[in-house]
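Q: can you look at this prediction? I've put the sequence above it.
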Amino acid sequence: MSRIGRAPITIPAGVEVKVDEHNHITVTGPKGTLERTLVPQIKVDVDAGVIHVSRPDDTKENRSLHGLTRTLVDNMVIGVTNGFEKKLEINGVGYRASKEGKNLVMNLGFSHQVIVPETDGIQIDVPDANHIVIKGIDKQKVGQFAAEVRGKRPPEPYKGKGIKYDYEVIRRKEGKTGAK
């Protein structure tokens with residue numbers, strides 16, 4: 001039995017969970033509503049403020065989907081109550097970010113500014129010129145958007161210039177003069 005899959009999910013106050021007959025789950029909370037259609041093999045039961053995820057048998061596919069389904073449902077519950085956020089740092093001389101309306105405008109050493117518009121379900125905050133905070137209720141959308149922003153100028157290993165996650169450690173390389 002999957003250790004992750006068999007763990008029950010407690011539903012916090014103010015959160016409503018509905019499961020249709022086609023395994024379509026809707027989670028509504030104070031921050032918004034999330035919907036997802038889950039695989040039909042895995043059964044999701046909601047009773048007395050607790051969500052239980054179960055599988056029909058121990059085939060390899062069902063074992064792998066069991067923990068995944070439970071984690072997806074748990075992330076939906078966490079998203080509508082607390083939300084998710086990713087923090088990015090910008091390093092480099094002249095590299096900076098600002099927010100103009102609903103657009104993230106970044107100077108990243110190119111001859112032009114890089115402009116990234118907010119998408120629905122995503123909020124961008126720029127507390128200062130070297131930090132970007134991406135918030136939302138859908139963990140997958142927040143992570144994908146943060147990866148796309150980071151991809152505009154990934155950190156390079158020689159000086160560490162570029163956009164990186166706040167927890168990311170850049171392994172530095174020695175330049176060609178240091179090899180002698």
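A: Arrived safely. Residues are numbered from 1 along each chain as shown.
Q: could you check how far the longest helix seen in the chain is from the centre of its chain?
A: Secondary structure of the chain per DSSP state H: the longest helix is helix 60-81. In terms of C-alpha atoms, centre = their mean, to the nearest Å, the centre of helix 60-81 is found 14 Å from the chain centre.
Q: kindly calculate the angle that the next helix or strand after that helix makes with helix 60-81.
A: Counting by DSSP states H and E, the next helix or strand C-terminal to helix 60-81 is strand 84-91. Angle between the axes of strand 84-91 and helix 60-81 is 80 degrees (criterion: axes from the mean of the first three to the mean of the last three C-alpha atoms, to 10 degrees).
Q: how far off strand 84-91 does the helix or strand following strand 84-91 point, in degrees?
A: Sequence-wise, the next helix or strand beyond strand 84-91 is strand 96-100, with elements assigned using DSSP H and E. Going by the same axes, to 10 degrees, strand 96-100 is angled at 130 degrees with respect to strand 84-91.
Q: which strands and helices lie in contact with strand 96-100?
A: strand 103-107, strand 122-128 (3 or more C-beta pairs under 8 Å, 6 or more residues apart in numbering; DSSP states H and E). Quick note: C-beta positions are derived from backbone N, CA and C, even for glycine.
Q: if you average pLDDT over it, what comes out?
A: When pLDDT is averaged over strand 96-100, the result is 95.
Q: adjacent strands (with direction) for that strand?
A: Note on strand 96-100: by DSSP bridges, its sheet partners are strand 103-107 (antiparallel).
Q: which of the three states applies to the spatially closest residue to Glu148 that is not a sequence neighbour?
A: Nearest non-adjacent residue to Glu148, counting by C-beta to C-beta, 6 or more residues apart in numbering: Val116, 7.4 Å away. Following DSSP: H, G, I helix; E, B strand; the rest coil, Val116 is assigned to strand.
Q: how many neighbouring residues does Val116 have?
A: 16 (other C-beta atoms under 10 Å).
Q: tell me which residues of the longest helix of the chain come out buried.
A: 62, 65-81 (16 or more other C-beta atoms under 10 Å).
Q: do stretch 48-60 as well
A: Ile51, Val53, Arg55.
Q: may I have the phi/psi pair for the residue lying closest to Asn75 once chain neighbours are set aside?
A: Of all residues not flanking Asn75 in the chain, Lys139 sits nearest, at 4.7 Å (C-beta to C-beta, 6+ apart). The phi/psi pair for Lys139 (degrees, to the nearest 10) reads phi -60, psi -40.
Q: name the element Val53 belongs to?
A: Per DSSP H and E: strand 50-54 holds Val53.
Q: who does that strand pair up with?
A: Counting by DSSP bridges, strand 50-54 is paired with strand 9-10 (antiparallel), strand 43-47 (antiparallel).
Q: what helix or strand is Gln144 on?
A: helix 139-150.
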